[in-house]
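Enquirer: Show me the folded form of this:
(chains A and B)
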Amino acid sequence: MASIIPTPKIPKQVVRVRNATNRVLHWLVFFAVIDLLITGYYIGNPILAYGQGEAYQATIMADIRFYHFIGAMVLDICIMLRVYLAFFSLYHRDWHELMPTPGNLKGAFGIIKSYLTFRKPPFFRYVDPFDGMMFLVLQLLMALQLFTGFQIYVHGLAPDYWWARVIHFGTDWTLWAFGSAQHVRMVHHLVQWIVVSGIILHVYIQVIKTVIWEDGHISAIFGGYKYKNME
Amino acid sequence: MEQKEFMEKHKMLYSLDRREFMLFCTKIAAVLGLAPSFIPKIAEAIEEGAKKPSVIWLHLAECTGDSEAFIRSTYPSIEELVLNILSVDYHETIMASAGDQAEELLEKVMRENKGKYLAILEGAIPTGTPPGPGGKPGGFLTIGKRTGMELAREVCSNAFAAICVGTCSCFGGVQAQYPNPTGAKGVEDAIGVPTLKIPGCPHNVVNSVATVVNFLLLGSLPRTDKYGRPLFAYGKRIHDHCPRRAHFDAGQFVEKFGDEGAMNRYCLYKMGCKGPQTYHNCSLAEYNDGTSWPVKGGHGCIGCSEPNFWDDMAPFYERLPDVKLPGVEATADKVGFALVGAAAAGAAVHGAYTFINRGKFRNREEEKE
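Expert: The predicted structure is shown next:
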């Protein structure tokens, strides 16, 4: 291990980057997304089947759909809170770091360039532009999952129920945008895979930052602090 | 009930001669304390009220499957429906007259019952122009020298209400699907007249009769959903009233046709059943006098009462439609695996290179610009 994570030769200083709310939200989203991926994959392709018994003896699909809905609610509330805190947090309002402004896009490309040339990008205290843009894209994809998911969910509700009316009002545009209820399902399924790819890249980048650049990014999401080179 | 017994039981309704009827009107006038001069007026009012609603049934671009379904009606039976409850004055398949005689009849019915008759339409309306000389818009369907568009527009604009039966007249059906060479459209889209829609391939005659009964009793048409389908029949999903729903919730699925699960009547979700997207009452009303319906017969729903079902619900034996992007046509799972594979491979290659060369560039920060 010593060769992978050597003792820092450059003196470091510790900077606080995340407060507790931010970290708790991250891990709530983490567990919700894991839950949603597993249960969602099952709903799309029910590989686990109850055998030859009577139907009343098992509720596998019903339970898994229930946990899918619970995960969706947790995720949706977390995203709404995160958006709120991006604008009104008392600790750090980071909405301007997540907007696709020309400056941020330019910074994001600069960081992609430094990844491809294997050089350490400049220090950003909170979120670097590439992570910010990736976070924005993931948030938008999650929002798309929210709308398409609720559109699929509302099919099972009585049309006169007030909650169904609210969901119809909010999500019927997806029918128009994607063509039909079947295509909404397909988009919900496809976006899941895009989110999985995003998660792989996200985890990989944090590992690179922690192991190779010794920034302590992974520590920051647990403890709230990371390192900065002292120069 | 045998037809004969039925007629015997309800003799009063059907056999009231003129003398008895006028006597009845006189009694009514006496009860109401009206002068004898009111007797003819009462008779007139009752006659007007007892008039059977006239129906014009148009065949457009279709297969007559909806007429076939219509004549399978049992309660009431078809002769009861056509002759006694409604007055089906024009129906190309079952009427006796033909040729000029039929066309004259159509004109006559439209003239005499203007604004009062029901127009029932079966089949889509082609709106494209056939190639070659003499082709005019909508010319793919020509009946009695008139195109389907002209005919439907004339009949519907003079009707009390237009009722579309079958998916073709509601949403265009099979002939309106890609590539749609005749430009076929549903009646409402083709001629712009609002219609009540009773889709299905074929429509379930129970729902049509219920709509007609609603019209006879209340003189109005039932409440509809956003596509114009009556809510009493199309307000709920097939999936939510499916006799196999318990197997869905239990996680018992047919894996392929003819296997153990199919014999045990497990859920057809994995066989591409479109019940979860389809609003219809098949699972409750069933077809042909409650005999059967697709899922009861062991085949998944194909969503035939939904708009554009042939394109949107295809492939019928898969859960999800294919992803169609320029240059890509694959299932969502294949596209997804490719994306995830690309992300993982990219991370692995980058990670391996970074790990091998870690000594060279570790901790060397770029200068801020």
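Enquirer: rest of the way, CA atoms for contacts and neighbours
Expert: Will do.
Enquirer: and residue 207, what is it in contact with?
Expert: Picking chain A for this. A:217-218 (CA atoms under 8 Å, 6 or more residues apart in numbering or on different chains).
Enquirer: should've been chain B
Expert: B:198, B:233.
Enquirer: What's the per-residue pLDDT of it here?
Expert: What the model reports as pLDDT for B:Asn207 is 90.
Enquirer: where's it, which helix or strand?
Expert: If you go by DSSP states H and E, B:Asn207 is part of helix B:205-218.
Enquirer: mind saving the C-alpha coords of that helix as PDB?
Expert: Extracted in PDB, the C-alpha atoms of helix B:205-218 (Å, rounded to 0.1, in the frame of the first residue of the first chain):
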ATOM      1  CA  VAL B 205     -70.200  -4.200 -28.400                       C
ATOM      2  CA  VAL B 206     -71.100  -4.000 -24.700                       C
ATOM      3  CA  ASN B 207     -69.500  -0.600 -24.600                       C
ATOM      4  CA  SER B 208     -71.300   0.600 -27.700                       C
ATOM      5  CA  VAL B 209     -74.600  -0.500 -26.400                       C
ATOM      6  CA  ALA B 210     -74.000   1.100 -23.100                       C
ATOM      7  CA  THR B 211     -73.200   4.400 -24.900                       C
ATOM      8  CA  VAL B 212     -76.400   4.100 -26.900                       C
ATOM      9  CA  VAL B 213     -78.400   3.400 -23.800                       C
ATOM     10  CA  ASN B 214     -76.800   6.400 -22.200                       C
ATOM     11  CA  PHE B 215     -78.000   8.400 -25.200                       C
ATOM     12  CA  LEU B 216     -81.500   7.000 -25.100                       C
ATOM     13  CA  LEU B 217     -82.000   7.500 -21.400                       C
ATOM     14  CA  LEU B 218     -80.400  10.900 -21.000                       C
END
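Enquirer: Remind me what the helix or strand that that helix is followed by packs against, helices and strands.
Expert: For helix B:205-218, the following helix or strand on the C-terminal side (DSSP H and E) is helix B:231-234. On a contact count with 3 or more CA pairs under 8 Å, 6 or more residues apart in numbering or on different chains; DSSP states H and E, helix B:231-234 meets no helix or strand.
Enquirer: and helix B:231-234, what's its mean pLDDT?
Expert: 90.
Enquirer: Stretch B:135-149 now?
Expert: Rounded mean pLDDT across stretch B:135-149 is 86.
Enquirer: repeat for stretch A:138-150
Expert: 93.
Enquirer: contacts for that stretch?
Expert: Residues contacting stretch A:138-150 (CA under 8 Å, 6+ apart): A:72, A:76, A:79, A:167, A:170-171, A:174, A:184-185, A:187-188, A:191-192, A:195, A:198.
Enquirer: Give me the buried positions along that stretch.
Expert: By 16 or more other CA atoms under 10 Å in any protein chain shown, the buried positions in stretch A:138-150 come out as A:138-139, A:141-150.
Enquirer: Ok, stretch B:195-210 next?
Expert: B:195-209.
Enquirer: how long is that stretch end to end?
Expert: 16 Å (CA to CA, to the nearest Å).
Enquirer: Mind jotting down where the helices sit in the stretch 1-150 of chain B?
Expert: Under the criterion DSSP state H, counting those that start in this stretch, helices of the stretch 1-150 of chain B are mapped to B:3-9, B:11-14, B:18-32, B:39-50, B:65-70, B:78-79, B:99-112, B:148-157.
Enquirer: pLDDT value on the residue of chain B found nearest chain A, please?
Expert: Chain B approaches chain A most closely through B:Ala250 (4.1 Å), counting by CA to the nearest CA. What the model reports for B:Ala250 is a pLDDT of 92.
Enquirer: Just give the nearest non-adjacent residue to it, would you?
Expert: A:Thr59 (4.1 Å; CA to CA, 6 or more residues apart in numbering or on different chains).
Enquirer: Likewise for A:Phe178?
Expert: Nearest to A:Phe178 is A:Val184, by CA to CA, 6+ apart, at 5.9 Å.
Enquirer: Helix, strand, or coil at that neighbour?
Expert: Judged by DSSP: H, G, I helix; E, B strand; the rest coil, the three-state class of A:Val184 is helix.
Enquirer: tally of neighbours for residue 45?
Expert: No chain specified, so I'll use chain A. For A:Asn45, the neighbour count with other CA atoms under 10 Å in any protein chain shown is 12.
Enquirer: nope, chain B please
Expert: The burial count for B:Ala45: 11, using other CA under 10 Å.
Enquirer: quick one, what contacts it?
Expert: Contacts of B:Ala45 by CA under 8 Å, 6+ apart: none found.
Enquirer: go with 10 Å
Expert: B:Ile39 (CA atoms under 10 Å, 6 or more residues apart in numbering or on different chains).
Enquirer: Mind jotting down where the strands sit in chain B?
Expert: B:54-59, B:87-91, B:118-122, B:125-126, B:142-143, B:146-147, B:161-165, B:184-185, B:196-198, B:323-325, B:328-330 (DSSP state E).
Enquirer: Can I get the ones you listed in a markdown table including distance to B:His280?
Expert: As requested, the strands of chain B are exported to a markdown table (distance: least, CA to CA, whole Å):
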| stretch | distance to B:His280 |
| --- | --- |
| strand B:54-59 | 23 |
| strand B:87-91 | 26 |
| strand B:118-122 | 19 |
| strand B:125-126 | 24 |
| strand B:142-143 | 32 |
| strand B:146-147 | 32 |
| strand B:161-165 | 14 |
| strand B:184-185 | 21 |
| strand B:196-198 | 10 |
| strand B:323-325 | 27 |
| strand B:328-330 | 30 |
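Enquirer: Identify whichever of the ones you listed lies nearest to A:Ala108.
Expert: Set against A:Ala108 and scored by CA to CA, the strands of chain B come closest in strand B:323-325, at 27.4 Å.
Enquirer: Mind listing the strands that closest one pairs with, and their directions?
Expert: strand B:328-330 (antiparallel) (DSSP bridges).
Enquirer: For A:Met133, which three-state class applies?
Expert: Classified using three-state DSSP, A:Met133 is helix.
Enquirer: Could you report the separation of it from B:Val206?
Expert: 56 Å.
Enquirer: ditto for B:Ala330
Expert: Counting by CA to CA, the gap from B:Ala330 to B:Val206 is 40 Å.
Enquirer: got it, and B:Met271?
Expert: With CA to CA as the criterion, B:Met271 and B:Val206 are 28 Å apart.
Enquirer: likewise B:Ala250?
Expert: Taken as CA to CA, the span from B:Ala250 to B:Val206 is 32 Å.
Enquirer: Please consider this matter closed, and thank you.
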